[in-house]
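> Next comes the sequence, and after it the predicted model I'd like to discuss.
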Amino acid sequence: MILLSPGMGVTVSFTPQMEKRLTQRAVRMIRQSLSRFPELRNLEVRVGHTKTKLGVAFIPTRLRLPLYIRLRVRGLTYNTIGHELTHLLQGLTKLPPPDGTPVWEPLPGGETQCDIWTLARSELFCDDAPTYLRMPRAVRENWRHYAGRVRSLCVEAIRQRPSHRTYIRWLESRIAELPERVPVLRSNVPEQLSLFS
Ligand SMILES: [Zn+2]
């Protein structure tokens, strides 16, 4: 069993099945992703492997360690890792935090909510379009062009949530307007987000 403690004091282990498939790239991505989740400090996350899905999370209903996610190593993205770790928080933040853990900001359940909170958390998780958040094809297909703007809208939607119950509808309608407001010009196509240094 490989153990990692990437900075924030979260302990990571991998299932034997995952160890066989693990690449240095995947380990680095998981480590970097975990550093964006200070809520998981002092906790343990176990990472298994899935072939059939991008990722799977077992949303905790009580605090039993290790927490458990599964990832597919092939084509792994930061967005998927962030999404599965956010699912863990969806469960954890409904529980009282253990000693030594920072106070948990409550996080609503649901897949679309999971996508919104993942993108908002860090630019790191903007490397690929999320699965559940609705967006026009033009945005999905030119994700790198729109990622920063979608992320800003997610941050704004979370800010609005306490007073606007329809914040997801608001967000998706703002995203739907993006291709008109910020068209992809030919010269912009090779544009790369330099977020992932
Ligand atoms: Zn999910």
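Thanks, I have it. Residues are numbered from 1 along each chain as shown.

> hey, let's count contacts and neighbours off CA atoms from now on
Noted.

> Nearest residue to the residue nearest the centre of the chain in space, please, no chain neighbours.
The residue lying closest to the centre of the chain (Cα atoms, centre = their mean) is Gly82, at 2.3 Å. Using Cα to Cα, 6 or more residues apart in numbering and skipping the chain neighbours, the partner closest in space to Gly82 is Thr118 (5.7 Å).

> ok, back up a step: pretty sure the residue nearest to the centre of the chain contacts Asp127?
No: with contact defined as Cα atoms under 8 Å, Gly82 does not reach Asp127; the gap is 10.7 Å.

> Can you tell me the element the residue nearest to the centre of the chain falls in?
Using DSSP states H and E, Gly82 falls within helix 78-92.

> Check which helices and strands the longest helix belonging to the chain sits against.
Counting by DSSP state H, the longest helix found in the chain is helix 143-160. Counting contacts by 3 or more Cα pairs under 8 Å, 6 or more residues apart in numbering; DSSP states H and E, helix 143-160 packs against helix 111-121, helix 167-181.

> tell me the most buried of those helices?
Each of these was scored by mean neighbour count; the highest is helix 111-121, a mean of 22, by mean count of other Cα atoms under 10 Å.

> my read: Val45 touches Leu63, true?
No: in this structure, Val45 is not within contact of Leu63 by Cα under 8 Å, at 11.8 Å.

> Between these two, tell me which one has more neighbours.
A direct count of neighbours by other Cα atoms under 10 Å for Val45 and Leu63 places Val45 higher, at 21 against 14.
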